Structure formats: C-alpha cells, structure tokens
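K.L.:
return a 3D structure for these sequence lines:
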Amino acid sequence: MIDILLATYNADKYITQQIDSILAQTYKDFKIIISDDGSKDNTISIINEYISKLPDKITLLPFTKNLGVKENFNYLLKNSNSEYIAFSDHDDIWLENKLEVSIEKLKILENNSPALVYTDKSLVDENIHLISLSSNKSENLKAENFNLNKLLVQNTASGCTIMINKKLKNIIGNIPEEAVMHDHYIMLIASIFGKIEYIDKPLILYRQHDDNIVGGKKYNLTYIIKKLLNGRKALSDKFQEYINQSKKIEEIYNDKIDSSTLDTIKKFNTLDNASFIQFRYILIKNNFLKTGLMRKLGMLILL
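P.N.:
Numbers count the residues shown, from 1 in each chain. So this is what the prediction gives:
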C-alpha cells in the first residue's frame with residue numbers, strides 16, 4: 001500500500017486534474033491522504049465531493065491551523081502508516097505510470113534498508129503547454145549527483161517526485177523547524193542512513209504559474225543575472241539555512257551517524273564561523289559545491 005500525501009492550499013483551479021491523474025494510475029494499491037492549509041476558495045468542497053464517492057480511497061485530515069508547506073507535509077507524514085509514501089503537490093499532473101515505475105524501483109532498491117527514489121519532471125505552463133520535457137536538464141541540475149557533500153548545499157529532488165519506504169519515514173520522525181524544506185531534509189536523511197536512486201524519466205507534469213511556492217527554473221544567463229542582482233545577502237541568508245539544517249541534523253542524530261558521515265557534517269557546520277578564506281577552503285577541499293560551473297563560481301565569489 002502507498003500513502004499519497006497531498007498538501008493543498010487554494011487549489012480549486014488545479015486540484016481536480018491532480019486527483020484525477022492520481023486515480024488514473026496503473027498501480028492501484030494506494031490511498032490519498034490530504035491536508036488542506038486553510039484554503040479560502042472551493043478546494044475543500046471539491047475534495048469532499050471526491051470523498052463522498054471514494055470514502056475508502058481519500059481522507060481529509062482535520063484542519064488545525066495554517067502550517068505552511070513544510071509543516072503541512074510534516075503533518076501528513078505523521079499521519080501515514082503505509083509501507084510506502086509518495087508526496088504530491090496540488091497543482092501538478094501525474095503520468096499514469098508514475099507510481100508503478102517508482103514503487104518497482106523502490107522495492108528493488110530497498111533490500112530491508114531505508115530507501116528513497118525520485119524522478120525527473122516535465123515543466124508545463126498553467127494551461128499544460130509544454131515548457132521543457134526535462135526540468136533537470138533545463139536546470140542543468142545533474143539530479144543523479146546525490147552524495148551527501150552536494151546535498152548539504154543543493155537539493156536535487158522535488159518533493160512531488162519522491163517516494164520513500166516506511167523504514168526511512170521512521171528514521172525521519174519529525175521534520176524540524178530548521179529544515180530548509182521537507183524534500184531537502186528527507187533527501188539528506190536518506191543519504192545519511194539509507195539508499196537513494198534517481199529515475200531518469202519525467203513522470204509528472206510540473207505546472208508553472210504565479211502561485212508556485214517553489215518552481216522549476218530555466219538555468220540560463222538570465223537566471224544567473226537575476227541571482228547576481230538579488231545580491232550577496234540573499235545568497236548568504238539561503239546558505240545559512242543550509243548550515244542551520246545541517247547543525248540540527250547533527251544535534252538530532254549525533255549518536256546514530258557513522259563516524260565518517262558525522263565527520264563530513266561537522267566539517268560543513270564549521271562554515272558557520274569560518275573566515276572569508278577558511279570558508280572557501282572548506283568548500284573546495286570537501287567538495288561542498290553545487291553542480292555546474294556557474295553555480296560553483298557563484299558560491300565562491302558571492303558567499
């Protein structure tokens with residue numbers, strides 16, 4: 001059984017297409033658990049219509065308070081008990097074999113270990129017109145580069161493409177406030193304690209629109225210039241979030257991480273108090289660098 005964790009917020013323009021695409025999956029052994037973050041539109045009414053027709057297939061969790069994206073997924077994760085878990089945004093469209101391909105790969109990979117698989121995604125506009133067949137190639141992300149050193153500074157997986165097993169979920173426990181985002185934190189814990197595999201196939205249509213919290217980015221000169229114009233402070237603040245996340249992981253799992261991995265995390269955490277020269281020396285020596293020449297240069301010049 002797969003629990004599909006669907007976080008919604010003011011999604012009445014998109015939620016029908018997403019739920020329909022999930023219900024149309026070739027792999028049928030799943031249930032959808034939904035947590036709405038206080039929608040002010042017709043999202044809840046639409047969800048309740050589905051529940052009235054499929055009460056054994058779809059569950060809506062009680063609303064507590066506005067949580068935000070990260071905490072909403074954390075709330076969903078705490079309410080999941082199935083052997084496998086997939087994460088879903090409210091505005092995408094899944095290709096019909098997304099679950100089938102992901103769970104087949106995950107079952108082969110896990111071998112009684114904590115495990116995670118994730119896929120590529122295609123970018124589409126609000127009206128499902130194709131922008132890019134492969135988001136990861138468009139962003140020059142090199143999504144298969146998921147070793148811990150790189151993951152500490154760059155998440156390579158979108159949450160909506162991730163599937164994990166229960167063993168990994170149990171290790172994750174509560175996603176802390178210091179997590180940059182739920183998917184980044186989950187990838188880090190999987191890298192430290194389990195197995196990860198990238199499926200080089202776009203299995204969802206990832207919708208780009210004005211309401212996206214996090215969207216795909218075209219990795220080109222315009223994107224790079226925008227980053228530069230945002231200034232050093234924005235980049236520095238984001239990097240501090242990576243450090244805070246890593247320090248929290250050390251605090252929580254200090255006595256559970258093997259010595260070599262713990263040493264890597266501790267070296268990364270020394271960046272918090274490093275001088276200008278020390279900072280760059282630590283980044284280069286330990287390969288705490290993002291993928292792509294321009295991203296690497298941006299880190300070394302602007303941070």
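K.L.:
which of the helices and strands in the chain ranks last by mean pLDDT?
P.N.:
helix 221-230 (a mean of 60; mean pLDDT, DSSP states H and E).
K.L.:
restricting to C-alpha, output the helix or strand following it in PDB.
P.N.:
Moving toward the C-terminus from helix 221-230, the next helix or strand (DSSP states H and E) is helix 232-253. Taking Å, rounded to 0.1, in the frame of the first residue of the first chain, the C-alpha atoms of helix 232-253 are listed here in PDB:
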ATOM      1  CA  ARG A 232      25.100  38.600  -1.700                       C
ATOM      2  CA  LYS A 233      22.800  38.900   1.300                       C
ATOM      3  CA  ALA A 234      20.000  36.800  -0.300                       C
ATOM      4  CA  LEU A 235      22.500  34.100  -1.200                       C
ATOM      5  CA  SER A 236      24.200  34.300   2.200                       C
ATOM      6  CA  ASP A 237      20.900  34.000   4.000                       C
ATOM      7  CA  LYS A 238      20.000  30.900   2.000                       C
ATOM      8  CA  PHE A 239      23.300  29.300   2.700                       C
ATOM      9  CA  GLN A 240      22.900  30.000   6.400                       C
ATOM     10  CA  GLU A 241      19.600  28.000   6.200                       C
ATOM     11  CA  TYR A 242      21.700  25.000   4.800                       C
ATOM     12  CA  ILE A 243      24.100  25.300   7.800                       C
ATOM     13  CA  ASN A 244      21.300  25.600  10.300                       C
ATOM     14  CA  GLN A 245      19.600  22.500   8.800                       C
ATOM     15  CA  SER A 246      22.900  20.500   9.000                       C
ATOM     16  CA  LYS A 247      23.600  21.600  12.500                       C
ATOM     17  CA  LYS A 248      20.100  20.400  13.500                       C
ATOM     18  CA  ILE A 249      20.800  17.000  11.900                       C
ATOM     19  CA  GLU A 250      24.000  16.700  13.900                       C
ATOM     20  CA  GLU A 251      22.100  17.500  17.100                       C
ATOM     21  CA  ILE A 252      19.300  15.000  16.500                       C
ATOM     22  CA  TYR A 253      21.300  12.100  15.000                       C
END
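K.L.:
go ahead and name everything in contact with the helix or strand just after helix 232-253.
P.N.:
Sequence-wise, the next helix or strand downstream of helix 232-253 (DSSP H and E) is helix 259-269. Helix 259-269 is contacted by residues 148-149, 152, 192, 243, 246-247, 249-250, 254, 257, 282, 286, 288 when judged by Cβ atoms under 8 Å, 6 or more residues apart in numbering. From N, CA and C alone the C-beta is placed, and that goes for glycine too.
K.L.:
cool, stretch 130-147 as well?
P.N.:
118, 120-125, 156-158, 187, 191, 196, 198, 200, 202, 206, 208, 216-219, 291-292.
K.L.:
how far does it sit from the chain's center?
P.N.:
Remark: stretch 130-147 is offset 14 Å from the chain centroid, using Cα atoms, centre = their mean, to the nearest Å.
K.L.:
I'd like the average pLDDT over that stretch.
P.N.:
Stretch 130-147 shows a mean pLDDT of 86 in the predicted model.
K.L.:
related to what we said a few turns ago, can you say which of the contacts of stretch 130-147 are buried?
P.N.:
When the contacts of stretch 130-147 are checked for burial by 16 or more other Cβ atoms under 10 Å, the buried set is 118, 120-124, 156-158, 187, 191, 196, 198, 202, 206, 208, 216-217, 219, 291-292.
K.L.:
show me those residues that map onto strands.
P.N.:
118, 120-124, 196, 198, 202, 206 (DSSP state E).
K.L.:
redo these as JSON lines? Include pLDDT.
P.N.:
Formatted as JSON lines, those follow (pLDDT from 0 to 100):
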{"residue": "Tyr118", "pLDDT": "97"}
{"residue": "Asp120", "pLDDT": "96"}
{"residue": "Lys121", "pLDDT": "97"}
{"residue": "Ser122", "pLDDT": "97"}
{"residue": "Leu123", "pLDDT": "97"}
{"residue": "Val124", "pLDDT": "96"}
{"residue": "Ile196", "pLDDT": "97"}
{"residue": "Tyr198", "pLDDT": "96"}
{"residue": "Pro202", "pLDDT": "97"}
{"residue": "Tyr206", "pLDDT": "97"}
